[in-house]
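Peer 1: heads up, no residue letters with this:
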């Protein structure tokens, strides 16, 4: 008789799930309150836990993302609470975090703004890594901010992080923020509206639409952020933006037109240009 762990793996394979053995371990570890590396072929599972596993497994077989099922996702060095109100943190976004840390490493008490914070994974990771930093996290969704607040409390960075529920397309957005920053970070929505229907079901059905939809061209949010960035940045301040595939050149040009200087473009582990770094130049 095939053991239960192997049965789960086989079902995940049949459903076309990538990394079925890893996902089976994560799922069972969640049920059994242990680490995934403690799950192995032949492990004994009670009928009660088997029943609980089946409920979650059926959701995964229907292609609900695993992190949205178990309610958490690993990002950088921590785990973040996630649900369907926030974009699932992606490994690609760690590239932006690493770049931000590089540019902030010699900056005393940096003040950082996160536009479209979602789960808080970017800004809260930066605050964990830079103990004297302070920040503001902005999101249009009050529900997303609630998730970010819970993550901030668990990661013990709440005292250095202020949350603002606001829309950067609002005419008074800069006045609502009422501060300037050494760095702005953002992973804005960048999928062209017409392409959303073609996205993987795990993205289009379970990530919030407002975190995906970048307007007709995909660049609506970049254009708006470029308009307001000079008012939000201190002299010599940096803005770091995540980009979709083949979007970097257009994004760079949008921000150059707003008077910012292109500093660097960073590639992800697959070699794709993923993070655009711009800077507000000193007035001479």
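Peer 2: Cool, got the structure. Since the model is a prediction, treat every value here as computed from it, not as a measurement.
Peer 1: Retrieve the pLDDT associated with residue 10.
Peer 2: Residue 10 is assigned 95 on the pLDDT scale.
Peer 1: what comes up buried for the strand or helix carrying it?
Peer 2: Secondary structure assigned from DSSP states H and E places residue 10 in helix 4-14. Buried residues in helix 4-14, counted by 16 or more other C-beta atoms under 10 Å: 4, 5, 8, 9, 11, 12. Just so you know, the C-beta spots here come from the backbone N, C-alpha and C atoms, and that holds for glycine as well.
Peer 1: Closest one to residue 93 out of those residues, please.
Peer 2: residue 12 (25.3 Å; C-beta to C-beta).
Peer 1: count of residues packed around the closest residue to that closest one other than its chain neighbours?
Peer 2: Spatial nearest neighbour of residue 12, chain neighbours left out: residue 20 (3.6 Å); criterion: C-beta to C-beta, 6 or more residues apart in numbering. Using other C-beta atoms under 10 Å, the number of residues around residue 20 comes to 18.
Peer 1: what's the answer for residue 271, then?
Peer 2: Other residues within reach of residue 271, judged by other C-beta under 10 Å, total 7.
Peer 1: And for residue 70?
Peer 2: Residues contacting residue 70 under the criterion other C-beta under 10 Å number 17.
Peer 1: Excluding chain neighbours, what is closest to it?
Peer 2: That would be residue 30: by C-beta to C-beta, 6+ apart, it lies 4.5 Å from residue 70.
Peer 1: So the one you found lies in a strand, does it not?
Peer 2: No: checked against DSSP: H, G, I helix; E, B strand; the rest coil, residue 30 lies outside a strand; its state is helix.
Peer 1: any idea how far residue 97 is from it?
Peer 2: For residue 30, the distance to residue 97 (C-beta to C-beta, to the nearest Å) stands at 25 Å.
Peer 1: Then residue 17?
Peer 2: Distance of residue 17 to residue 97, given as C-beta to C-beta: 27 Å.
Peer 1: before we move on, the earlier item: quick check on residue 30 and residue 97: which one has the bigger neighbour count.
Peer 2: More crowded of residue 30 and residue 97, by other C-beta under 10 Å: residue 97, with 22 against 18.
Peer 1: Now name the helix or strand holding that one.
Peer 2: Going by DSSP H and E, residue 97 is in helix 93-104.
Peer 1: Let me see the mean pLDDT of that helix.
Peer 2: Averaging pLDDT along helix 93-104 gives 96.
Peer 1: For that helix, which helices and strands make contact with it?
Peer 2: If you count contacts as 3 or more C-beta pairs under 8 Å, 6 or more residues apart in numbering; DSSP states H and E, helix 93-104 packs onto helix 121-129, strand 181-186, strand 233-242, strand 261-267, strand 273-279.
Peer 1: Kindly recompute the last result at 10 Å.
Peer 2: Applying 3 or more C-beta pairs under 10 Å, 6 or more residues apart in numbering; DSSP states H and E, we find helix 93-104 packed against strand 72-75, strand 111-115, helix 121-129, strand 181-186, strand 233-242, strand 261-267, strand 273-279.
Peer 1: And the fifth one, how far out from the chain middle?
Peer 2: How far strand 233-242 lies from its chain's middle: 19 Å, per C-alpha atoms, centre = their mean, to the nearest Å.
Peer 1: List the buried residues of that strand.
Peer 2: Here strand 233-242 shows 233, 237, 238, 239, 240, 241, 242 as buried, counting by 16+ other C-beta under 10 Å.
Peer 1: before we move on, what about stretch 259-275?
Peer 2: Going by 16+ other C-beta under 10 Å, stretch 259-275 has these buried residues: 260, 265, 266, 268, 273, 274, 275.
Peer 1: I'd like the helices and strands packed on helix 93-104 as JSON lines, with mean pLDDT and distance to residue 145 appended.
Peer 2: JSON lines is the format used below for the helices and strands packed on helix 93-104 (pLDDT from 0 to 100; distance: least, C-beta to C-beta, whole Å):
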{"stretch": "strand 72-75", "mean pLDDT": "94", "distance to residue 145": "17"}
{"stretch": "strand 111-115", "mean pLDDT": "98", "distance to residue 145": "11"}
{"stretch": "helix 121-129", "mean pLDDT": "98", "distance to residue 145": "12"}
{"stretch": "strand 181-186", "mean pLDDT": "98", "distance to residue 145": "15"}
{"stretch": "strand 233-242", "mean pLDDT": "97", "distance to residue 145": "19"}
{"stretch": "strand 261-267", "mean pLDDT": "96", "distance to residue 145": "28"}
{"stretch": "strand 273-279", "mean pLDDT": "96", "distance to residue 145": "24"}
